Structures are given as C-alpha cells and as structure tokens.
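S.K.: Next comes the sequence, and after it the predicted model I'd like to discuss.
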Amino acid sequence: MQNEILGIIVTSLTFYGGVNEIGGNKILLEDKDTKVFLDFGKGFTTRSKYFEEYLKPRQANGLVDFLKMGLVPKIEGAYRDDLMENAGQQLVEPDIDGVLLTHAHADHADYISFLHEKIPLYMGRTTQNLLKAIQERSSSDFERQVLEYKELGSKRNDPRIQRKIETFRSGKKFKVGSLEVIPIHVDHSVPGAYGFVIYTSEGPVVYTGDIRIHGNKPEMTKEFVRKAKEEKPIALICEGTRITEQTTNESEKVVFTEANKVISKSKNLVFADFNFKDVDRVRTFYDLAKKNNRKFVIKLKDCYYLKYFSKDSGLDIPNYDDEHIVIYKPKQRTGKYAETDYVGDDRYYATLPNAKTAKEISSEPEKYICGLGYFSFNSLIDMDIKSGVSYIHSASEPYNEEQIISEKRLNNWIDKFGMEKHQIHCSGHAKGIDLMATVRYISPKMLFPVHTEYPEAYKKITDKITIVKQNKAYKI
C-alpha cells in the first residue's frame, strides 16, 4: 500500500487474520514508510476447514499449501527465501520493519515461523523463554519455528538460522521506524502477555492482544486499560473471544477451591487435564498436591516448560527436579523403559531419580495428582486402576464439531476405566461484560473487534465500530 499520497500521511490497518474467528491474528499497521505486524498467528478455524490431525499441510511443499489454501496472506517480501524458492516465487527483499508479539500462544505466534529472518521480532523475555521451551519439545514441527528454523531440504546437522529478537519490558518505550511503542503487561492464561500502545503519525493505536480481569493478576490488565484511556486512542483493536458470554463465577481461586474439594475426598488417583503453558494452573495443581500430601506428576515433555518457568522468579514455578514433582516415564520404542528408548533431553529427564513408570504411580494411588490429560490416556492401559479415579477437566469445553467428537472419545475412556469427571476451569479470556466495560472506559474514536466470531456484539455499547473484512486496509 502506498503510504504517502500528495504529501498527506496515511496510517492504516490491514487485517490478514483474526477476522470472524478466534485467533489467527495477523494485523499490519502502516505509518509513513514503516510497516509492522501485530502478531502473526495460526488461524485454527481457517486451518480446520481443510486440514486435521492426519491431513496436514505438507512440509515438503514449503509454503505452497498454506498460500494456496489461504492460511497465510500473499505479501511480497514477507516470507523466507527458501520457502519462496520452493514455491517458485521471485525473491523480494522484505520491507516489513518488525513483528510486535503479544504472547506465545500458537494463534498469535506460530506463523512467524514462515517470515523472513531479516524481519525483527519484538517480544517480552518470558515469551521468548516460553517459545524456547515450545521449540525444544517439538523441534521438528515446521509450524513452530518462531525463534529459529532450518531451511527446507537441510541436513540433520546443518545449523539453524537465528532470527533477530528484541526483548522489551512493561512500560518501557521503544521505537520501530516512525512508531513509538509502549508494551504493558496484561493478565492471560499464558505468562508474559502484553498489550500495546502504539504512537502513529495520526495518533495512538491500542491493541489488547488477549486479556482477562478475573485471573490471578487483574491489576496488570487494569494498568494497561488505564494507560489506554489516558492516551485517547484513535483506534482500539480489541479481542472479543467471549463477547457474548456475560456473568460467570470464575477465577483461579475458584479452581483451587473446587478442585481441592475433589482431591481432599479421594484416596485414589487424581488426573488433572489442562494446558501446561498456563502457569497459574500449573501452580494451582502443584499447590493442591502439596496441600493434600501428594506429589504432582508431569509429562516428560513438560520438563521443558519447567526448565524455563523456574528461571523466572516472577512466576514462582518449581523446576522438574523439585521434591514435590514426579516425571511420568512413558513407554517408548522397546516398551521396556531402557535408557536407549529415549533420545536427546528426553533421555536425561526419563532417567532422573524422580521419574516413575505408570505401574509405579498406580501402585500408590493416594500419593499422586497426575497432570496427564486426554492425549496421555494410553498410560491408563499400563496402570492398575481401580474405579473411582477422579478426572478434573480444567480447560475450555468443546465449542465446535471436531472438539465435540474428541469429547465423546474422551468420555469413552472415562467410562471404560470407571473415572469420575469434574469440569473445573477459569478462562484466559475476559468475560463479555468485562470486555464491554473496557471498551466503554477507553472510549476510542474507532473500535476494531478481532479474535471473535461475534464482532457485531460490540454494537450494543458503541456506534464507533468497524466490522473488519479479511485483507482489507482501513485508513485511521
């Protein structure tokens, strides 16, 4: 897009993702001759229209499947040279000045994997560490090469290409071209989440990322909202995941209290199914284990998270060798728990003194809370389980057909092993009533709802709203 017409500065927003879907945010902000993306995430809804677990975009085809099926936008100079060469496209020098990343969730971060390595990434230090853990535990995943990547066709020992990473801290202003940016921490279900106040030539633009006010640290989100109002933004890009949901009684304290009722009454195994990137939930079940004289069982792959979480004093999370932690040692390769069954860092974690097999854990069921969810349910086959085991589902309930099918399969496992299911959760996204109060309070000149299937719901509180369309540029 031409950024200067007859001497008149044009500042614009183009929405390449996060439109009429939850997640997949890819928002291009242009000001003078500066271009920055606000997140560059995977759109799960768009992806699921064509792909599923056993039908995936082909890594051997590089970016072609993603471009052809509309999973990423066609933007000259945006993508890695090796991917463009593979697609038979002309190589163009990138003119994007950076990506401002709000947090490490896949729907905001993953498709940075495809961007040109000359495009700098701006993120918080905690986000950087979380992305390191994600990449270490899934190093071969083509769609999760945010911090570094290997070119298509490279050999096993070929070096990885490092991206340029610039880290920031809450409240500390930095510049990207003509833009000045203030990142401010917000509370979300993943640590190190931020919103942005961005000073353009036309005035301040505010981007919420993903926020909530009912979590453990509402003061962080409130600080961001106050700053946003103070700056009198010309545009507010606001998430709306739960905009149609109003009043609910949920908080991390409620999760702790309700889960403790289940655990304290049980003399059997307890399973807790939740997203391990949610440090509040990790801390909740770790504390519940200690409170009930149990140990907290984690998956082998979750050691990678604790390795980095434990280094951040602000998170108050133990490392994998903590006395209250047990590492579940799964069967691999020979199925006989031989040291050689495990490779890389997995071998190190699997051979630690606190690593235990399914049989060892189930032999003393009253001693453990197992952080093993649905995708580890094959471990139940190796356990000598007695009926009455408690299964705490501490994640969102299914909301689409694919998730409903998975839910039915999960329930089949629960019935097969005589488990008792409990739904106890606190969402990472603000309730509708809180979102509407936030928009009213900030009172922007124009609202651009994203990350929602119901953007029109915001019309209840403002007529200064633009219902955005995919790939369309909006002058601000």
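M.R.: Good, I have the coordinates.
S.K.: Could you check how far L101 is from D210?
M.R.: To D210, L101 is 12 Å away according to CB to CB, to the nearest Å. In short, each C-beta sits where N, CA and C put it, glycine included.
S.K.: now P94
M.R.: 27 Å.
S.K.: ok, these two, which is more surrounded?
M.R.: Shown here are P94 and D210; by other CB atoms under 10 Å, D210 has more neighbours (27 against 18).
S.K.: I'd assumed the more buried one was in a helix, is it?
M.R.: No. Counting by DSSP: H, G, I helix; E, B strand; the rest coil, D210 is not found in a helix; it is coil.
S.K.: That one and T102 touch, don't they?
M.R.: Yes. Applying CB atoms under 8 Å, one finds D210 in contact with T102, separated by 6.8 Å.
S.K.: can you list residues touching both of the two?
M.R.: 108, 193 (CB atoms under 8 Å, 6 or more residues apart in numbering).
S.K.: overlap in contacts of L101 and D210?
M.R.: With CB under 8 Å, 6+ apart, L101 and D210 have common neighbours H108.
S.K.: Low-confidence ranges, the stretch 1-150 of the chain, go.
M.R.: Applying pLDDT under 70 to the stretch 1-150 of the chain picks out residues 1-9.
S.K.: again, 50 this time
M.R.: Residue ranges of the stretch 1-150 of the chain with pLDDT under 50: 1-7.
S.K.: Could you pull out the strands in it for me?
M.R.: Assignment of strands within the stretch 1-150 of the chain using DSSP state E, counting those that start in this stretch yields the ranges 4-5, 8-9, 11-17, 26-31, 34-40, 98-100, 121-124, 148-149.
S.K.: can you tell me which of those comes nearest to I182?
M.R.: strand 98-100 (11.0 Å; CB to CB).
S.K.: Remind me what the closest one packs against, helices and strands.
M.R.: Packing partners of strand 98-100 (3 or more CB pairs under 8 Å, 6 or more residues apart in numbering; DSSP states H and E): strand 34-40, strand 121-124.
S.K.: Out of the ones you listed, which is the most enclosed?
M.R.: Most buried of these, by mean neighbour count (mean count of other CB atoms under 10 Å): strand 34-40, with a mean of 25.
S.K.: What angle do strand 26-31 and it make with each other?
M.R.: Using axes from the mean of the first three to the mean of the last three CA atoms, to 10 degrees, the direction of strand 34-40 lies 160 degrees away from that of strand 26-31.
S.K.: what packs against strand 34-40?
M.R.: Secondary-structure packing of strand 34-40 (3+ CB pairs under 8 Å, 6+ apart): strand 26-31, strand 98-100, helix 106-109.
S.K.: okay if I get the helices and strands packed on strand 98-100 as TSV plus distance to K173?
M.R.: Below are the helices and strands packed on strand 98-100 laid out as TSV (distance: least, CB to CB, whole Å):
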stretch	distance to K173
strand 34-40	15
strand 121-124	12
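S.K.: got the domain boundaries for the chain?
M.R.: What automatic domain parsing lists as the domains of the chain is 4-50+98-245+429-475, 252-423.
S.K.: Would you mind giving the ones you listed as a markdown table with distance to G70 added?
M.R.: Converted to a markdown table, the domains of the chain look like this (distance: least, CB to CB, whole Å):
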| stretch | distance to G70 |
| --- | --- |
| domain 4-50+98-245+429-475 | 7 |
| domain 252-423 | 19 |
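S.K.: between these, which one is nearest to D81?
M.R.: domain 4-50+98-245+429-475 (7.2 Å).
S.K.: quick revisit: output the strands of the stretch 1-150 of the chain in a markdown table, with distance to L315 appended to each entry.
M.R.: Formatted as a markdown table, the strands of the stretch 1-150 of the chain follow (distance: least, CB to CB, whole Å):
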| stretch | distance to L315 |
| --- | --- |
| strand 4-5 | 45 |
| strand 8-9 | 42 |
| strand 11-17 | 29 |
| strand 26-31 | 28 |
| strand 34-40 | 22 |
| strand 98-100 | 22 |
| strand 121-124 | 12 |
| strand 148-149 | 23 |
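S.K.: Select, out of the ones you listed, the one closest to A338.
M.R.: The nearest among the strands of the stretch 1-150 of the chain, by CB to CB, is strand 148-149 at 31.4 Å.
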